[in-house]
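Trainee: Prediction below, plus the sequence it came from.
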Amino acid sequence: MAAHQGQEDRHTFYAGKPQPSSDSPGQFSSTDPSTAKPVCTIHTSSPASITAAIQSAQDAFPSWSSTPPLDRARILQRAVSLLRARNDELARIETLDTGKPFSETSAVDIVTGADVLEYFANLIAGGGLNGESIRLRPSAWVYTAKEPLGVCAGIGAWNYPIQIALWKSAPCLAAGNCMVYKPSEFTPLHAQYLAAIYKEAGVPDGVFNVVYGAGDVGAQLTSHPAIAKVSFTGQVSTGEKVAGSAAGGMKYVTMELGGKSPLVVLPDADVNQAADGALLANFYSSGQVCTNGTRVFVPKTMKQEFEQTVLEKIRFVRAGDLFDMNTNFGPLNSKVHYDKVVGMVKQGIEKDKATLLCGGTAQPRGLPGGLKDGYWIEPTVFTDCTDDMTIVKEEIFGPVMSILTYDTVDEVVRRANNTEHGLAAGVFGRDVNECHTVISKLQAGITWINTWGESPAEMAVGGWKQSGVGVENGKRGLEAWVRNKSTLVEMGGEVPTVFSKL
Ligand code: NAD
């Protein structure tokens, strides 16, 4: 198959370069979701290529892990500069691969990835990998060291491709580990660009490697005995398989999984602000954000005003040419995902019998002709929803908001927590004390008060309950990529005399 739109074929990347091989078990296409046209051909990594990529990382580990943190930090800072200098070029790639508008990818996806790389480079330069020293008694003390884990696997989802790759590789490499990274088969384009940027910045060959393919390729990584840790982002059901496989070798895991997060509008909230929050929490990235606030709880007395405000604001959700800076709403990422989301909207209308306030399964009105074959769906709002509806219980991962009403704050806290997920939660209200009180009762790892979605490098993020294990980012994010060694030093010259005297 020929390359499309200037994108050359992708091959397994290890030992510092793409490695075409004749034993690739197959190939697949990356597709532009706005048009459904193929963009690039990707050659699936063969078992031998995967082994070679892991070997390349093993070969690079002794030198990289013993490179002083300050030197590693300088190299990673150069990668930050390259990412920022090439922001728009990389954003165009992400738009082509994900279907997210360029107005979004150019402002967020590379920026938030580069910020995290800069944060971890600064953290290790500033002593973030130092251990502690504990004085036990005048003659004895303990010191601890943070040691890298070895060769780690990063497995990404398709919604924030380069950001996920950076959120995993930044602390991994900063801590002195090497990585074999597998992007989602739906959004593989960024991986080779990132590998090339690391190389250009001075990251030694073999420290960052890329394998391509679907779940079977991921499973070869998670079950490989040379892999010390698996950092995974994806669905809960896949996460269970990945964690199960990793448990076989007692590997470390970080699991960043799905959610069904509650957004609670308190009775004293500014309706305008809360509606803005609800739109952001449901339609940004066309709803393909793990922390989406899809269960929007409003007081019964506020229902009508809230719905009216949402309807007024939804006019400003603009689908269209993804490279028009006025466009702020794109298609769904793939045909498979489009079918799933359309199925859930039909479920809401036909089986759950929720009230369709706006939207549905049609394409957004006014789409340019060339985009008619893309995976577009209107921003959709259901109201009169109840807790037992499928659309309220299951992650949809699309632009579908469910409005639910409540009478008392105790009731809304109980209902908000009535889910197996625990990724994110948020509260809107004027009484900040009340907001803190409600937030403290919500079972979620990532929470917001009077805002939604911002996830800066300094903020550790990770899900509770079935939404995940461990965190990414913040100081705690580095701890997930090291293991501790404690050493007790006895300076008195005496070993306990248990066996040398009567
Ligand atoms: P997915 O679980 O289908 O796939 C994720 C990755 O796992 C892909 O690279 C896939 O090829 C790979 N994979 C599939 N089976 C595997 C196996 N058996 N072993 C190893 N790897 C395997 O998820 P998705 O559809 O790509 O992503 C959407 C999901 O990701 C949503 O549920 C979303 O909430 C979640 N997500 C979570 C976060 C977070 O930080 N918590 C961030 C982004 C997305």
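Mentor: Arrived safely. Residues are numbered from 1 along each chain as shown.
Trainee: Give me the residue ranges of the stretch 1-150 of the chain where confidence is low.
Mentor: Low-confidence segments of the stretch 1-150 of the chain (pLDDT under 70): 1-6.
Trainee: could you pull out the helices for it?
Mentor: 47-66, 69-85, 87-98, 102-104, 110-125 (DSSP state H, counting those that start in this stretch).
Trainee: looking at those, which is closest to Ala457?
Mentor: helix 110-125 (3.7 Å; CB to CB). All C-beta spots, glycine's among them, are computed from the backbone N, C-alpha and C.
Trainee: and that closest one, C-alpha only, in PDB?
Mentor: Output in PDB follows, covering the C-alpha atoms of helix 110-125 (Å, rounded to 0.1, in the frame of the first residue of the first chain):
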ATOM      1  CA  ILE A 110       1.700  18.700  22.500                       C
ATOM      2  CA  VAL A 111       1.800  21.500  25.100                       C
ATOM      3  CA  THR A 112       0.600  19.300  27.900                       C
ATOM      4  CA  GLY A 113       3.000  16.500  26.900                       C
ATOM      5  CA  ALA A 114       6.000  18.900  26.700                       C
ATOM      6  CA  ASP A 115       5.100  20.400  30.100                       C
ATOM      7  CA  VAL A 116       5.200  17.000  31.700                       C
ATOM      8  CA  LEU A 117       8.500  16.200  30.200                       C
ATOM      9  CA  GLU A 118       9.900  19.600  31.400                       C
ATOM     10  CA  TYR A 119       8.400  18.900  34.900                       C
ATOM     11  CA  PHE A 120      10.100  15.500  35.300                       C
ATOM     12  CA  ALA A 121      13.400  16.800  33.800                       C
ATOM     13  CA  ASN A 122      13.300  19.600  36.400                       C
ATOM     14  CA  LEU A 123      12.300  17.300  39.100                       C
ATOM     15  CA  ILE A 124      15.300  15.000  38.600                       C
ATOM     16  CA  ALA A 125      17.700  17.900  38.200                       C
END
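Trainee: so who does the residue nearest in space to the middle of the chain touch?
Mentor: Residue closest to the average C-alpha location in the chain (CA atoms, centre = their mean): Ile164, at 4.8 Å. Ile164 sits next to 154, 156-157, 233 when contact means CB atoms under 8 Å, 6 or more residues apart in numbering.
Trainee: Turn the helices of the stretch 1-150 of the chain into TSV, columns for distance to the ligand and mean neighbour count.
Mentor: Below are the helices of the stretch 1-150 of the chain laid out as TSV (distance: least, CB to the nearest ligand atom, whole Å; neighbours: other CB atoms under 10 Å):
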stretch	distance to the ligand	mean neighbour count
helix 47-66	12	18
helix 69-85	20	18
helix 87-98	11	22
helix 102-104	15	20
helix 110-125	12	23
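Trainee: wait, which of the ones you listed is closest to Leu263?
Mentor: The nearest among the helices of the stretch 1-150 of the chain, by CB to CB, is helix 102-104 at 20.3 Å.
Trainee: and this protein, which of its residues are near the ligand?
Mentor: Proximity of the chain to the ligand (CB under 6 Å from any ligand atom) is limited to residues 155-159, 182, 184-185, 214-215, 218-219, 222, 233-235, 238, 241-242, 256-259, 290, 395, 397, 423, 463, 468.
Trainee: From those residues, which land in helices?
Mentor: 215, 218-219, 222, 238, 241-242 (DSSP state H).
Trainee: What separation do you get for Gln220 and Ala214?
Mentor: 11 Å (CB to CB, to the nearest Å).
Trainee: related to what we said a few turns ago, please indicate which of the ones in helices among the residues of the chain next to the ligand are buried?
Mentor: Buried subset of these (neighbour count, 16 or more other CB atoms under 10 Å): 218, 222, 238, 241-242.
Trainee: pLDDT below threshold where in this protein?
Mentor: Within the chain, the ranges that satisfy pLDDT under 70 run 1-6, 501-502.
Trainee: care to break it down by domain?
Mentor: For the chain, the TED database gives the domain ranges 13-257, 262-449.
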